[in-house]
Structures are given as structure tokens and as C-alpha cells.
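Undergrad: The following block contains a protein sequence and its predicted model.
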Amino acid sequence: MLLFEERKMVAEFGKKLIDTGLTTGTGGNISIFNRDQQLIAITPSGVPYHDIKPEDVVVLDLNNNILDSNKKPSSEYEMHKIFYEKSKDITAVVHTHSAYATTIASLNWELPAVHYLIGYAGGKVPVAKYATYGTKELAENAYLAMGNYNAVLLSNHGLLAVGKDINWAFNTAEEIEFTCRIYYQTKAIGEPVILSSNEMEKIMEKFDGYGQMQK
């Protein structure tokens with residue numbers, strides 16, 4: 001099977017999207033890029049995550065040709081592909097409709113450094129201009145807004161997180177959802193104190209060598 005390991009991981013992490021509450025139904029999507037073969041393994045469109053098997057995960061090339069699977073790829077494949085084409089160190093993309101991130105995104109706010117775990121995203125999470133889902137315009141807006149960060153809020157839509165591997169991208173999505181919740185809750189009862197840029201620089205240095213994952 002073409003890209004078996006990548007397809008297996010996409011299926012596994014798709015289930016985690018549901019199990020951790022990062023999305024509902026068939027919302028959101030996940031992909032992994034095999035840079036050596038220049039191929040993308042991405043979740044199929046409209047299939048419940050707990051029903052997805054490795055063979056259902058769609059393999060595409062960068063010209064949008066389906067090379068393996070009898071399913072249609074996620075409608076957001078353009079938003080995955082643009083990061084693989086334009087960023088040399090990204091090999092995984094996780095898109096969620098998590099409740100708190102989507103709440104902040106629906107306010108069209110960027111997420112500031114209200115908690116040190118925003119370090120997963122690089123110090124803050126910018127917000128991309130709204131565009132209809134599944135369009136190249138949305139893909140371009142997301143890419144331009146993200147810049148050198150590892151996550152971006154999609155206005156009135158959700159969250160996009162990237163990483164050098166699927167573990168990093170998924171963890172980023174989880175920690176940014178947590179940080180969005182903290183931001184929401186602090187805004188509900190007062191004005192949150194935001195960590196300084198100097199403090200975030202210290203945190204980012206510590207993150208470089210944290211645990212078993214290195215950025």
C-alpha cells in the first residue's frame with residue numbers, strides 16, 4: 001500500500017481528533033507529507049473518523065492527482081498543500097473545529113501569550129482573513145497569516161496547526177485549544193495579563209529542548 005505508515009497515522013490521529021474533543025462529526029482534517037516522495041496522505045471527505053481505515057486515507061501528489069484510495073480527499077486539501085509546497089520543514093497539518101479556538105476565531109481576534117503553552121505555536125497565534133471553506137483563497141489567507149508561527153486561527157471557522165511531524169502538529173492543536181479556553185475564561189471575568197515578548201523568548205528557548213520533542 002502506498003504510504004502505508006503515513007495513512008495509518010492519519011487514521012489514528014483522526015480518531016484522536018474526536019476522542020479529545022478537537023472536532024465533531026466529520027469536521028476538520030489531517031494530513032502527513034512524505035517529502036521524499038512528494039506525496040500527501042490526507043483524511044477522506046465526509047467519512048466519520050472512527051470508520052476511517054488506512055486504505056481510506058487518500059494519497060495525492062502536489063498536482064492534486066489521486067494516486068491511491070477510492071475516496072475523495074478532504075475539501076481542504078489546498079490548505080494543506082500550500083504549506084507543503086512553500087515550507088521546507090512542515091510535514092504535518094492538523095485542522096480542527098475545536099470550540100474555544102473557533103470562538104476566538106469567530107471574534108476575528110489573534111491569540112496573545114496569555115499562557116506559556118502558546119510557545120507551541122511560536123509565541124502567539126495570528127488570525128487569517130475569512131474565506132469560504134475549501135477554497136484556494138482560504139489556503140492563501142491561512143498561509144500568509146501564519147507566517148513563521150506554527151498555528152493560525154481561521155476567522156469564523158477554526159484552527160490550523162502545523163509541525164515537523166504529526167505529533168508536534170497535533171500537540172500544538174491541543175495546547176492552542178487549551179490556551180484559547182484560558183483566554184476566553186479570563187476575558188469573561190477581567191482583562192488577562194499577557195506575557196512579555198522577553199518572557200516568551202525565554203520560554204521558546206526552553207521549548208527547544210523540552211521532553212522528547214524538539215522543534
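TA: Arrived safely.

Undergrad: Quick one: residues contacting the nearest residue to Asn64 once chain neighbours are set aside.
TA: With sequence-adjacent residues excluded and distances taken as Cβ to Cβ, 6 or more residues apart in numbering, Asn64 is closest to Tyr77, at 7.2 Å. To be clear about C-beta, it is placed using only N, CA and C from the backbone, and glycine gets the same treatment. Tyr77 is in contact with 31, 40, 42, 60, 64, counting by Cβ atoms under 8 Å, 6 or more residues apart in numbering.

Undergrad: Please report how far Tyr77 lies from Leu60.
TA: Per Cβ to Cβ, to the nearest Å, Tyr77 is found 6 Å from Leu60.

Undergrad: Overlap in contacts, those two.
TA: Common neighbours of Tyr77 and Leu60 (Cβ under 8 Å, 6+ apart) are 40, 42.

Undergrad: End to end on stretch 95-111, go ahead and measure it.
TA: 17 Å (Cα to Cα, to the nearest Å).

Undergrad: related to what we said a few turns ago, kindly indicate the member of the contacts of Tyr77 with the most neighbours.
TA: Ser31 (30 neighbours; other Cβ atoms under 10 Å).

Undergrad: Just want the phi and psi numbers for the residue nearest to Leu2 when sequence neighbours are not counted.
TA: Nearest residue to Leu2, sequence neighbours excluded (Cβ to Cβ, 6+ apart): Asp68, at 4.4 Å. Phi and psi for Asp68, reported as degrees, to the nearest 10, are phi -160, psi 140.

Undergrad: and Asp68, what is it in contact with?
TA: Listed by Cβ under 8 Å, 6+ apart, the contact set of Asp68 reads 1-3, 58-59.

Undergrad: Please check those and keep the buried ones.
TA: Neighbour-count burial (16 or more other Cβ atoms under 10 Å) applied to those gives 3, 58-59.
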